[in-house]
Every structure is written in C-alpha cells, then in structure tokens.
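Visitor: After the sequence you'll find the predicted model.
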Amino acid sequence: FVAKKSYDKRRFNGKCFYCKKTGHKETECRKKKADEERGQVARETSDYAFTATSAMGKSEWLVDSGASSHMTSVRDKFVSMKELTTPVRITIADGKKIDAVAMGTVGLKLMDGTSVTLSDVLYIPEVEGSLISVAKLAEKDVIAQFSKDKCVFRYGDATVMEAKRCGNVYKLKTVGDE
C-alpha cells in the first residue's frame with residue numbers, strides 16, 4: 001500500500017512575488033520563511049511605510065497607493081478632530097494591528113505657500129509619521145500621476161501638490177520640516 005498525497009483542485013496557479021516560482025503565494029513561501037529566520041530579508045521602505053517613518057520629519061507625509069485612509073500620529077496638525085467612540089482597527093503592511101482613536105481635518109501648508117486640507121484623517125498615536133491615501137484623494141477626483149522622481153496631484157487642470165521621490169517612497173514636505 002502506497003499513500004499518495006492528493007492535491008486540492010483549487011491549488012494556486014500564480015507566481016510567488018518572493019522566489020518567483022509558481023504554485024504558491026508569497027505568504028506561503030518556504031524560501032522567504034527560511035530567509036527571515038536567518039535574518040536575510042531586506043524590507044523595502046515602500047512595502048513597510050510605517051517602519052520607515054521614525055526618520056521622517058513631523059511635517060513629511062508619505063504618499064501611499066495602498067492606504068485606505070489618510071493617517072497621522074501628529075496631533076497638532078489637526079484643525080478639527082472628533083474622538084471615535086469605538087476605535088478603528090487598522091492592519092498595517094507588516095501585519096501589525098493598530099487603533100485609530102480619532103478622525104478629523106488636517107491643514108497642510110505646502111512649501112510653495114499654498115494650503116491643502118485633508119478630510120477624514122485618522123489619528124493613530126501608536127505610529128510615527130503620516131500617510132496620504134491615493135484612494136481617498138481619488139474619491140475627491142484628485143488624480144495622482146507618478147513619475148520616476150515625483151508624484152503630482154491634479155484636480156481638474158490645476159496641480160494641487162507635488163511629492164518628491166526619496167528612495168522607494170514619495171514624500172510630501174510641508175512647512176515646518178526640520
């Protein structure tokens with residue numbers, strides 16, 4: 001009697017983003033798990049935005065195409081804020097769960113002297129840094145156009161703001177940066 005392993009007919013047919021082999025996802029990748037155990041996995045700043053924010057100035061905002069909401073840990077940037085009766089649980093890129101305890105409106109003074117208002121910004125005191133959600137801006141008909149050195153935000157024909165590329169992330173600097 002020989003037992004053969006039966007494979008589920010719904011087996012994943014795509015390609016792993018880590019090892020580039022077919023048949024499994026990155027989250028199931030044995031090579032990645034082995035490399036992580038040996039400490040050989042370099043995390044890119046674009047994939048783990050909040051892990052890179054400790055080196056950011058209080059007035060820098062990272063542009064995040066994967067963020068569902070604008071978020072910041074800088075309370076004094078809010079022009080209005082409402083405490084949430086029930087905290088909103090957010091899962092960040094590294095899988096950690098954190099709580100947003102308030103939501104409000106943030107006023108940003110840009111380096112060129114213009115001002116921009118972001119609404120529905122989540123206040124998350126546990127993390128350092130701030131994220132601008134491309135998806136939230138798109139809901140307001142703001143278009144983000146990425147190039148190799150900057151991200152330009154447009155509303156209609158007008159350029160609203162520009163974020164410069166720094167490594168693998170796009171940073172929007174505002175007045176008050178160190």
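Guide: Thanks, I have it. Treat the numbers as computed from the prediction; the structure is a model and nothing was measured.
Visitor: Burial check on the closest residue to residue 155 other than its chain neighbours, number of neighbours?
Guide: Closest residue in space to residue 155, ignoring its immediate chain neighbours: residue 142 at 5.1 Å, by C-beta to C-beta, 6 or more residues apart in numbering. C-beta here means a position set from N, CA and C on the backbone, and glycine is covered the same way. Per other C-beta atoms under 10 Å, the neighbour tally for residue 142 reads 16.
Visitor: again, but for residue 100
Guide: Residues near residue 100, counting by other C-beta under 10 Å: 19.
Visitor: wait, is it part of a strand?
Guide: Yes - assessed with DSSP: H, G, I helix; E, B strand; the rest coil, residue 100 lies in a strand.
Visitor: Tell me which residues touch it, please.
Guide: 69, 71, 84, 87, 88, 89, 90, 122, 123, 124 (C-beta atoms under 8 Å, 6 or more residues apart in numbering).
Visitor: run the last query once more with 6 Å
Guide: 88, 90, 122, 124 (C-beta atoms under 6 Å, 6 or more residues apart in numbering).
Visitor: residues contacting the closest residue to it other than its chain neighbours?
Guide: In space, and not counting its chain neighbours, residue 100 is closest to residue 122: 3.8 Å by C-beta to C-beta, 6+ apart. By C-beta under 6 Å, 6+ apart, the contact set of residue 122 is 69, 71, 100, 103.
Visitor: Many thanks, I have nothing further to ask.
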